[in-house]
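> I need the structure of the sequence given here:
(chains A and B)
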Amino acid sequence: MAESRITPRSQDFAAWYQDVVLEGDMAEPAEIVKGCMVIKANGYAVWEALQRAFDDRFKAAGHQNLYFPLLIPQSFLKKEAEHVEGFSPELAVVTIAGGRELEEPYVIRPTSETIIGHFFARWIQSWRDLPVLINQWANVVRWELRTRMFLRTTEFLWQEGHTAHATHEEALEEVLRILDIYADVAENVMAMPVIKGSKTSGEKFAGALRSYSIEAMMQNGLALQAGTSHDLGQNFGKAFDVQFQTREGTLDYVWQTSWGVSTRLIGGLIMTHSDDKGLVLPPRVAPFPGVIVPIYRKDDERGPVLETARKIAADLKIKLDDREGQTPGAKFFHWERRGVPVVMELGPRDLASGNIVIKRRDSSAKETVAQTSVREKLESTLGAIQKDLYAAAKRRLEDNCVLANSIQEVEDILREVTAEKGGGKFVMAHLKDDPATDARLKEFKATVRNIPMVDNYDGPGACVVTGEQVPQRVVIAKAY
RNA sequence: CGGGCCGUGGCGCAGCCUGGCUAGCGCGCUUGCUUGGGGUGCAAGAGGUCCCGGGUUCAAAUCCCGGCGGCCCGACCA
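You can find the predicted model right below:
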């Protein structure tokens, strides 16, 4: 009767995304606070799953969590020239507090390099104090002009790791270690394949020596920067006077890194796996793996069905939808929209046969299995869903990476992409890291996403714009 | 921040251009019966600051001005 309120992807990808977020009960616009959203329980549970995955890995790599203030003295931002220039347009500033104008305004943190730099200076005196490996889970505010739920909101949740090292080599190792963790979680937990690489100088973090990213491809072929890891060099060390005494007794500035992933990942997750029926969640990030929908028609069926369903649900640690007054059909649609990986049906027929029906969210495949083997079946099905979702996304990524050997080819491909028909591509071409080449791509609303760490192609070649030799092909794409 | 579209019970909309009965419709919600393996049917109900603030008018959801918020495009950015 009531049709799905989800716009098909083929009709309008942006509307589809919005519909999936809303119908999946992931989040909704805050409405009274511009550019902000309410992350609803179904969405927050996904965030918690991601937090656990990252946090476990950070801790295993020796990092500790702590917490810095939300408010940062405005002067701190100004200490690193590039940093302030990069962030000033998007700062929210507190000028009045306690009913009085502040002598020095505070900015609401857009990121915490500066305030952490200040404390690093207090905490670090000797090479023996290094490395410092810390992380904080926090909210940040960036006054964005255009917002989209999860992908870009004024306030968002993230983790920001900050480390200080005695040598550049060690810092760089850290940057890449974190990039590996990001890729690991993206691929093995979120089932979202990514390309690890370094950003071009034009795309790097404000204040960094060099930035690295993982880039994912959404179903419409647009790129999404899903995580970044920065080699800050000694820039912040110098700006905040973070010096330490070396083994040799000399003074040196620390080498710092910073890295972060945000709730944006959830947007990426949605645009990687979901379909026209709604949200699709990989089992490893789903709030719960499955739900049982009991089916009965007569009162004398209801009791036994519910009893068995309850037992199985408790046994498997999955949910039982025992709401009265909702038909099974309505319940199926409900859980489908919310992306629950498997839905099980249990009715009188199953009770008689000792079976249970198990249905996959991703493929819609339905299977009847003996109740005695449902545990194994659930486990193997969840494993298969996780694996198949990754494989499908991986195939899409590979199929939509195309080679271009001249600027003409690059532009021809990008022109099609800008047609907004969801046929986005990652264009792999030799291109020099240069403002001039950036400008050339900008005409097509494309950017260099990154320079892959692993070159899957043909090594060095001539830049399609300047003709100069460059070491490898880069990823060029339109991006969120 | 510029351009476009939009804001009416919980949700989706009609009404607005051309001001005027009691602001309608579908879904949802409540109650009862019914139904139940992919959105069951029938009946009776509840539910409204028409985004906010001004203005014009005898009279404003409707016209005018100013805000706020959302979506899309653009410029800027995780």
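> Could you report the neighbour count for A:Glu170?
16 (other Cβ atoms under 10 Å). C-beta here means a position set from N, CA and C on the backbone, and glycine is covered the same way.
> my read: it touches A:Gln256, true?
No - counting by Cβ atoms under 8 Å, A:Glu170 stays clear of A:Gln256, with 10.9 Å between them.
> Can you list the buried residues in the helix or strand containing A:Ile178?
Using DSSP states H and E, A:Ile178 sits within helix A:168-184. Residues of helix A:168-184 classed as buried: A:Glu170, A:Ala171, A:Leu172, A:Glu174, A:Val175, A:Leu176, A:Arg177, A:Ile178, A:Leu179, A:Ile181, A:Tyr182, A:Ala183 (neighbour count, 16 or more other Cβ atoms under 10 Å).
> Tell me where the stretch 1-150 of chain A has helices.
A:13-23, A:41-60, A:74-77, A:81-87, A:113-123 (DSSP state H, counting those that start in this stretch).
> Throw these into CSV and include distance to RNA strand B, thanks.
Shown next, in CSV, are these (distance: least, Cβ to the nearest atom of the strand, whole Å):
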stretch, distance to RNA strand B
helix A:13-23, 3
helix A:41-60, 12
helix A:74-77, 15
helix A:81-87, 7
helix A:113-123, 13
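> Adding mean pLDDT and mean neighbour count, write these out as a markdown table.
What follows is the helices of the stretch 1-150 of chain A, written out as a markdown table (pLDDT from 0 to 100; neighbours: other Cβ atoms under 10 Å):
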| stretch | mean pLDDT | mean neighbour count |
| --- | --- | --- |
| helix A:13-23 | 92 | 20 |
| helix A:41-60 | 97 | 17 |
| helix A:74-77 | 94 | 19 |
| helix A:81-87 | 91 | 18 |
| helix A:113-123 | 97 | 21 |
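> So which of those is nearest A:Val132?
Nearest to A:Val132 among those is helix A:113-123 (6.6 Å), distances taken as Cβ to Cβ.
> Near RNA strand B, which residues of the stretch 51-200 of chain A? Just list them.
Contact residues (Cβ under 7 Å from any atom of the strand) of the stretch 51-200 of chain A with RNA strand B: A:86, A:89-90, A:142, A:144-149, A:151-154, A:156.
> Report the two of those residues separated the most.
A:Gly86 and A:Met149 (24.4 Å).
> quick check: domain ranges of chain A?
Chain A breaks down by automatic domain parsing into domains covering A:13-273, A:290-381, A:399-477.
> who touches the lowest-mean-pLDDT helix or strand in chain A?
Across the helices and strands of chain A, mean pLDDT, DSSP states H and E gives its lowest value to helix A:407-417, namely a mean of 87. Helix A:407-417 is contacted from outside by A:221, A:402, A:404, A:423-425, A:427, A:429, A:440-441, A:444-446, A:464-465, A:476-478, using Cβ atoms under 8 Å, 6 or more residues apart in numbering.
> so which helix or strand takes in the closest residue to A:Ser363 other than its chain neighbours?
Closest residue in space to A:Ser363, ignoring its immediate chain neighbours: A:Asp388 at 7.1 Å, by Cβ to Cβ, 6 or more residues apart in numbering. Secondary-structure assignment from DSSP H and E places A:Asp388 in helix A:374-399.
> And the residue sitting furthest away from the middle of chain A, how far from RNA strand B?
The C-alpha centroid of chain A is most remote from A:Asp300, which lies 48.6 Å away (Cα atoms, centre = their mean). Plainly put, A:Asp300 is 11 Å away from RNA strand B if you go by Cβ to the nearest atom of the strand, to the nearest Å.
> Got phi/psi on that residue?
phi -70, psi -10 (degrees, to the nearest 10).
> Next up, the contacts around the single nearest residue of the stretch 351-480 of chain A relative to RNA strand B.
Relative to RNA strand B, the nearest point of the stretch 351-480 of chain A is A:Val357 (3.8 Å; Cβ to the nearest atom of the strand). With contact taken as Cβ under 8 Å, 6+ apart, A:Val357 is in contact with A:Met344, A:Glu345, A:Leu346, A:Asp350, A:Lys366, A:Glu367, A:Thr368.
> Close to RNA strand B as well: tell me which of those qualify.
A:Glu345, A:Leu346, A:Asp350.
> What is the nearest of these to A:Val189?
A:Glu345 (28.3 Å).
> Please consider this matter closed, and thank you.
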